[in-house]
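[1] Need the 3D shape of this:
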Amino acid sequence: MSRGSSHYKEMNLHLFSGYVEAWNSYSYKKLQPSIYNILMFIPMGMLLPLLSRKLTTFKWLIVVVVCFTLFIEIYQLVTGAGIFELDDLFNNTLGGVIGYQFYRLYTSIIQHKKVRMKSLLGSLAIPLLMVFIFAGITIAYAKQEFGNLPINSYSKWDMTDVHLTTSMQLNSVPTMASVYKKVNHSDEVGDILYRKLGLTEVKTAAKERDRGILLEDKSGSQYTLFQSTQGNWTLTDSNYTPQQATWTKQGPMRQEAMAIMDNLDILPQKADLITEEGDQFQWSLSDTPHINKDYWSGDLSLGLKKDGSIYAVSYGLQEHHFIREVDILTPKDVYERIKKGEFPLIKRNAILTHNMMVIKKGDKLEITGMELTFMYDTKEFYQPVYRVSGIFNGDSDWFTLIQARRN
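    From the prediction side, this is the model:
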């Protein structure tokens, strides 16, 4: 399946890597390319037997489907129109097989003037198997305590001829870390804005799970509210251009800002006022997880007009509810994981080329640091992960992320 024009001679020879990535992201969007590649070749499997009697034989149909798919993949490889992927070869062939089974069902109905149960089950065997597999995956995902981490979508690297070093003293003492659950307060936003600011909803537009809402106050002034799936939201006056407010003293404006925050009651706990520039104010809560304790983190900013009314509010605060402590890998365990090639290469910017995202013979990697940080999984649990930094072939900005929690 084409992915643009910047993939000259790129290959992905890791079978089922698309399914692994979709699982670790638990994302239908990541699964779509695989589904589309299957669906696109179903008509081919149905029509080829109608074009040639020879292709009514399963083995010859498979040969034609595989050869056609190989032609597409090789074309993408040499022109840069896409990536040569074994996943595409598998999915396209699977689509051709499903189409062929539908053809067999059609000919059975024509021949016997009825639907034979044996033919029906044979024709629907693969689609039904896929349904059962996806149902089983969904049930397994629902039963597991925590969600998946996208950083686990990687293929094991061959580190045999890679020069891996470190001067770090690697701790091997077993340890634990906390896991938190993000508490989404987006449902409370409407009540705050409607009840305390007197805004009413005029129009709503949704893109996937994000929402844009047009609001209006009693005087007819319009505001735009944007709510993201992460629980963040921004409110802006649709017709106001921010200007430097001219107050004779900053004190009254600060008092006005604090009074508005008290009225809205959206600062969950004592937060530091870190920015105070003209008509803009920003509060911050540091992202420092507390052992065995709930905590908040993030930023909140407020913009005021000259008359002291609001022209913008940006809410980026997150509440983390403590779940429990879990056993985690030690730094020595993490280093062993890297020695075995069990880590992802992070594409941290658009400048990195495909060749810079591959571990190969002769590469040099020096591990210079390990830091325990946190990352949201697909169920919005805040899980501990190791941020491993190093120097990769002279690149001192290199880093990778490794799940800290033991499976």
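
[2] dump the residue contacts of the closest residue to residue 55 other than its chain neighbours.
    Among residues not flanking residue 55 along the chain, residue 48 sits closest, at 4.6 Å (Cβ to Cβ, 6 or more residues apart in numbering). Where you see a C-beta, it was placed from the backbone N, CA and C, and this is true even at glycine. By Cβ atoms under 8 Å, 6 or more residues apart in numbering, the residues touching residue 48 are 55, 61, 64, 65, 96, 100.

[3] go on, residue 95?
    Contacts of residue 95 (Cβ under 8 Å, 6+ apart): 37, 38, 39, 40, 41, 42, 44, 45.

[4] Kindly provide the distance from it to residue 107.
    19 Å (Cβ to Cβ, to the nearest Å).

[5] One more: residue 87?
    31 Å.

[6] again with residue 73
    Relative to residue 107, and taking Cβ to Cβ, residue 73 is found at 31 Å.

[7] Can you pick out the residue with more neighbours from the two?
    A count of neighbours by other Cβ atoms under 10 Å puts residue 73 above the other of residue 73 and residue 107, at 19 against 14.

[8] what about the more buried one, which helix or strand?
    helix 58-79 (DSSP states H and E).

[9] thinking in terms of the whole chain, how far from its middle is that helix?
    How far helix 58-79 lies from its chain's middle: 31 Å, per Cα atoms, centre = their mean, to the nearest Å.

[10] same for the helix or strand following it, what does it pack against?
    For helix 58-79, the following helix or strand on the C-terminal side (DSSP H and E) is strand 84-85. Secondary-structure packing of strand 84-85 (3 or more Cβ pairs under 8 Å, 6 or more residues apart in numbering; DSSP states H and E): strand 11-12, helix 58-79.

[11] what element comes up after strand 84-85 heading to the C-terminus?
    Strand 84-85 is succeeded, C-terminally, by helix 86-112 (DSSP H and E).

[12] And the helices in this protein?
    Per DSSP state H, the chain carries helices over the ranges 17-25, 28-51, 58-79, 86-112, 117-123, 125-143, 187-196, 250-264, 331-339.

[13] how close does residue 145 get to residue 376?
    15 Å.

[14] The two: who's more crowded?
    The neighbour comparison of residue 145 against residue 376 (other Cβ under 10 Å) goes to residue 376, with 18 against 10.

[15] residues touching the nearest residue to the more buried one once chain neighbours are set aside, list them.
    Excluding the flanking residues, the one nearest residue 376 by Cβ to Cβ, 6+ apart is residue 382, at 5.9 Å. Counting by Cβ under 8 Å, 6+ apart, residue 382 touches 179, 180, 181, 182, 289, 320, 374, 375, 376.

[16] Which single one of these is nearest to residue 114?
    residue 376 (54.3 Å; Cβ to Cβ).

[17] Surely that closest one is in contact with residue 182?
    Yes - here residue 376 reaches residue 182: they are 6.4 Å apart, a contact under Cβ atoms under 8 Å.

[18] Quick one: end-to-end distance for stretch 317-337.
    34 Å (Cα to Cα, to the nearest Å).

[19] And that stretch, what's buried?
    The neighbour-count check on stretch 317-337 (16 or more other Cβ atoms under 10 Å) flags 317-320, 322, 326, 328-331, 333-335, 337 as buried.

[20] what about residue 392, how many residues close to it?
    So residue 392, with other Cβ under 10 Å, has 20 neighbours.

[21] Show me where the stretch 301-407 of the chain dips below the pLDDT cut-off.
    Residue ranges of the stretch 301-407 of the chain with pLDDT under 70: 354-355.

[22] and if we set it to 80?
    348-357 (pLDDT under 80).

[23] Can you show me the strands along it?
    Here the stretch 301-407 of the chain has its strands, by DSSP state E, counting those that start in this stretch, at 310-328, 364-376, 381-392, 395-403.

[24] Return the most buried member of these.
    When the strands of the stretch 301-407 of the chain are scored by mean count of other Cβ atoms under 10 Å, the highest mean neighbour count falls to strand 381-392 (a mean of 20).

[25] Need the residues that contact the helix-or-strand element of the chain with minimal mean pLDDT.
    Between all helices and strands in the chain, the lowest mean by mean pLDDT, DSSP states H and E belongs to helix 187-196, at a mean of 74. With contact meaning Cβ under 8 Å, 6+ apart, helix 187-196 is reached by 199-201, 215, 225, 227, 233, 235, 263-266, 315.

[26] How about residue 210: which residues does it bridge to?
    Beta bridges link residue 210 to residue 207 when assigned by DSSP bridges.
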